[in-house]
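1. structure for the following, please:
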Amino acid sequence: MDIFTEQDRNKRKSVFLIFIFIAFITLLGAIFGTALGLPREEWIGSIIFALIFSSFSAFFSYFFSDKIVLAISGAKKIDKNLNKELYRILENLCIASGLPIPKFYIIDDTAPNAFATGRDANHGVICITTGLIQKLERSELEAVISHELGHIGNRDILFMTLVSVLVGTVSLLSDLFLRFTYFNRGGKKRDNENGQIQIILILAGFILAILSPIVATLIQFAISRKREFLADAVGAQICQNPEALARALEKISKDTEPLEVANSATAHLYFSNPLKNGKISKLFSTHPPVEERIAKLHGMVGKI
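-> Residues are numbered from 1 along each chain as shown. Presented below is the predicted three-dimensional model:
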């Protein structure tokens, strides 16, 4: 499989998962509405309300998340005059990718890692750790920065903001259903048979209300993993060296030092999971297994 096929494949899978997400929300709203005895226009209105409400928080995150993450991480802007060689690497890669030069930050931590943020290419931010500079060869450092440029070029912050809206919508719908049920606002029972059906629907809705946020989070993680594969493919294309990207990924993943400033809220942004908390299930990981990423990168050698 060549690099362009890999890119197209991961884009299609990401979009497919978004459609699954939307279908899931629609089905959820229909089940909740039917269980509560609401007419169609009311449960459709509930979905629209949940989408709008979730969009407000996502809107704030979209425009200010970069500043928040940089502040949490203790990142400092890199002085171009004092780091000419580092800036030259970034500038050359931006020329190769056709992207504007993003803001460049550094975290004073010996754990090697990096992340990208910013709502679009004109507001892009790349942040690297001092450990990344110290522990990687130049070609590997170029490859990691290329991967982060891939995230910016793919507009992953925008894409994942959309996913956050959908996750928030599912959580809000589930919460609304539980509250309606608690306050006995289900539909009226016309007879014994309809009453039994209503009880079954409410029980089914109650189970879904508990499980749906978990399912939504699993879909979010699956989309996040696909975007990492896509950034790997684009990054390999930018630096023209998938082998170097594979080596960098292997070195960073094998480094046992945890990144002190990272936490569960920011871990998904990083090139490699910065939380050294042992193996976790693939379903509950925001990053694909390192072995799979490396295998795919090795498969791109000679195909760029």
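2. what average pLDDT does the strand or helix carrying residue 291 get?
-> Following DSSP states H and E, one finds residue 291 within helix 290-300. Mean per-residue pLDDT for helix 290-300: 93.
3. helices or strands up against it?
-> Secondary-structure packing of helix 290-300 (3 or more CB pairs under 8 Å, 6 or more residues apart in numbering; DSSP states H and E): helix 3-35, helix 192-239, helix 242-254. From N, CA and C alone the C-beta is placed, and that goes for glycine too.
4. nearest to residue 180, of those helices?
-> Minimum separation from residue 180 across these (CB to CB) falls at helix 3-35, 8.1 Å.
5. ok so, going back, and the helices and strands packed on helix 290-300 as TSV, adding mean neighbour count and distance to residue 287?
-> Formatted as TSV, the helices and strands packed on helix 290-300 follow (neighbours: other CB atoms under 10 Å; distance: least, CB to CB, whole Å):
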stretch	mean neighbour count	distance to residue 287
helix 3-35	17	14
helix 192-239	19	6
helix 242-254	21	9
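6. that older thread, CA atoms only for the helix holding residue 291, dumped as CSV, please.
-> C-alpha atoms of helix 290-300 as CSV (Å, rounded to 0.1, in the frame of the first residue of the first chain):
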residue,chain,number,x,y,z
VAL,A,290,3.1,1.8,18.4
GLU,A,291,3.8,-1.5,16.7
GLU,A,292,1.0,-0.8,14.2
ARG,A,293,2.3,2.7,13.5
ILE,A,294,5.8,1.5,13.0
ALA,A,295,4.7,-1.3,10.7
LYS,A,296,2.7,1.1,8.5
LEU,A,297,5.7,3.4,8.3
HIS,A,298,8.0,0.6,7.2
GLY,A,299,5.5,-0.3,4.6
MET,A,300,5.8,3.3,3.1
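7. what about it, distance to the chain center?
-> 20 Å (CA atoms, centre = their mean, to the nearest Å).
8. residue ranges with poor pLDDT in the stretch 101-250 of the chain?
-> 182-195, 197-198, 201 (pLDDT under 70).
9. not counting sequence-adjacent ones, nearest residue to the spatially most central residue of the chain?
-> The chain has residue 224 as the residue nearest its centroid, 3.8 Å off, counting by CA atoms, centre = their mean. Spatial nearest neighbour of residue 224, chain neighbours left out: residue 286 (4.4 Å); criterion: CB to CB, 6 or more residues apart in numbering.
10. cool, residue 91 as well?
-> Nearest residue to residue 91, sequence neighbours excluded (CB to CB, 6+ apart): residue 101, at 6.1 Å.
11. quick one: which of the helices and strands packed on helix 290-300 is nearest residue 141?
-> Of those, nearest to residue 141 by CB to CB is helix 242-254, at 7.4 Å.
12. in the helix holding residue 291, what counts as buried?
-> For helix 290-300, burial by neighbour count (16 or more other CB atoms under 10 Å) applies to 290, 293-294, 296-297, 300.
13. want to try TSV for those residues, with distance to residue 28 as columns?
-> Listed next are the buried residues of helix 290-300 as TSV, based on distance: CB to CB, whole Å:
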residue	distance to residue 28
290	34
293	32
294	37
296	34
297	38
300	39
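14. and these, which is closest to residue 60?
-> Nearest member of the buried residues of helix 290-300 to residue 60, counting by CB to CB, is residue 293, at 31.7 Å.
15. what are the ranges of the helices in the stretch 1-150 of the chain?
-> For the stretch 1-150 of the chain, the helices defined by DSSP state H, counting those that start in this stretch cover 3-35, 40-73, 84-97, 130-135, 138-153.
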